[in-house]
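J.: build me a structure from this.
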Amino acid sequence: MKNTEEIFNIIIEEKERQEALNGLTSTSRVAQWRLFAYVVAYVIDLLRQMFEAHKEEVSESISKFKPHTARWYRNKALAFQYGFNLFADSDKYNNKGHTDDEIEASKIVKYSAVTEAESQSRLIIKIAGENNGELSPITEPQKEAFISYMEEIKDAGVPLTIINYLPDLLYLNITIKRDPLVLDSSGNAISPLNGDIRPVDTSIKQFLRELPFNGELILSKLTDNLQTTAGVKDVNIDGASSAWIDPNNNDYGDATGIYMSKIPESGYFTTKDKNGKYLVQVNYVV
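T.: Numbers count the residues shown, from 1 in each chain. Predicted structure coming up:
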């Protein structure tokens, strides 16, 4: 972006390249041709500033009247800063006086997905934070602040549903045909590789960890993943079901069978219940 002086210098350089203007030899700052060149440079710079101002006004008007996309809402959910204020009439945070570490620590929403409700005009925003490296809900005070933030920045007339649940419980019943040279009858590695004592359990955990937030759990892909596990010759998923939080009583409902695939209601799965019980049953056969 050029200012008046820079535009003026460009004009002078171009004048020097034009043989027809060789007669203009005076280098005095008050030479008439130099004054005219400066006036032209000033007018060009002024027009540039007017065009830039007009562009900003148009962009601002579009942003005010154009409905935001689901991706915009997702990005705004991830941009939430707990304990920070927004600039007045803005969706931007006032981070003045705060360090980069403080700003980063305030961004407690680590995962988000936004979808449209099927039966009504409503956006569903699923969120999750992290606790010791594991996906988990944000706290109730944090959720209260998050809801206030989203209500402040959302488009007028757009109802929102915020889902900040404990993970869906995933129940699996699996039969593994094992290689007796690699796995014992309980699924333990006979010669653990890199400390991996139970390869099948590790593969299931890694598969779920790599599943995108609010991603679809596809049972055939889980089968394919398990078949690449050390000591596994064949796999059959005998049964799969899941249970999720009932918002009416804030507790898990009855498990429902999974046919081929399932998107978690909370956005993510766990294979342990709230008491730490492992929900995957594996039957090892030869």
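
J.: can we go C-alpha only for contacts and neighbour counts from here?
T.: Noted.

J.: next one: Asp234 from Pro199, what distance?
T.: Taking Cα to Cα, to the nearest Å as the measure, Asp234 falls 14 Å from Pro199.

J.: what sits closest to Pro159 if chain neighbours are left out?
T.: Arg122 (5.2 Å; Cα to Cα, 6 or more residues apart in numbering).

J.: isn't that neighbour up against Gly157?
T.: No - with contact defined as Cα atoms under 8 Å, Arg122 does not count as touching Gly157 (9.6 Å).

J.: which of the two has more residues huddled nearby?
T.: Counting neighbours by other Cα atoms under 10 Å for Arg122 and for Gly157 shows that Arg122 has the greater number, 15 against 8.

J.: Thr161 should be in a helix, yeah?
T.: No - Thr161 is assigned strand when assessed by DSSP: H, G, I helix; E, B strand; the rest coil, not a helix.

J.: any idea what it is bridged to?
T.: Assessed by DSSP bridges, Thr161 has beta-bridge partners Ile124.

J.: correct me if wrong: it contacts Ser121.
T.: No - with contact defined as Cα under 8 Å, Thr161 does not reach Ser121; the gap is 10.9 Å.

J.: give me the mean pLDDT for stretch 108-122.
T.: On average, the pLDDT along stretch 108-122 is 90.

J.: contact partners of it?
T.: Applying Cα atoms under 8 Å, 6 or more residues apart in numbering, the contact partners of stretch 108-122 are 70-71, 73-74, 77-82, 123-130, 138, 158-161, 213-214, 267.

J.: so where do the helices sit in the chain?
T.: Taking DSSP state H as the criterion, the chain contains helices spanning 4-17, 32-65, 70-78, 100-106, 140-153, 199-210, 219-227.

J.: wait, which of these is closest to Ser186?
T.: Within those, the stretch nearest Ser186 is helix 199-210; the backing value is 10.7 Å (Cα to Cα).

J.: stretch 103-116: end-to-end distance?
T.: OK, stretch 103-116 end separation, Cα to Cα: 30 Å.

J.: let me fix that, I meant to ask about stretch 260-271.
T.: End-to-end distance (Cα to Cα), stretch 260-271: 18 Å.

J.: residues contacting that stretch, please?
T.: Here stretch 260-271 has contacts from 113, 126-127, 135, 163-171, 208, 213-220, 244-245, 278-280, using Cα under 8 Å, 6+ apart.

J.: for it, give the mean pLDDT please.
T.: Here stretch 260-271 scores 95 as its mean pLDDT.

J.: can you give the distance from that stretch to the centre of its chain?
T.: Averaging C-alpha positions (Cα atoms, centre = their mean, to the nearest Å) puts stretch 260-271 18 Å from its chain's average.
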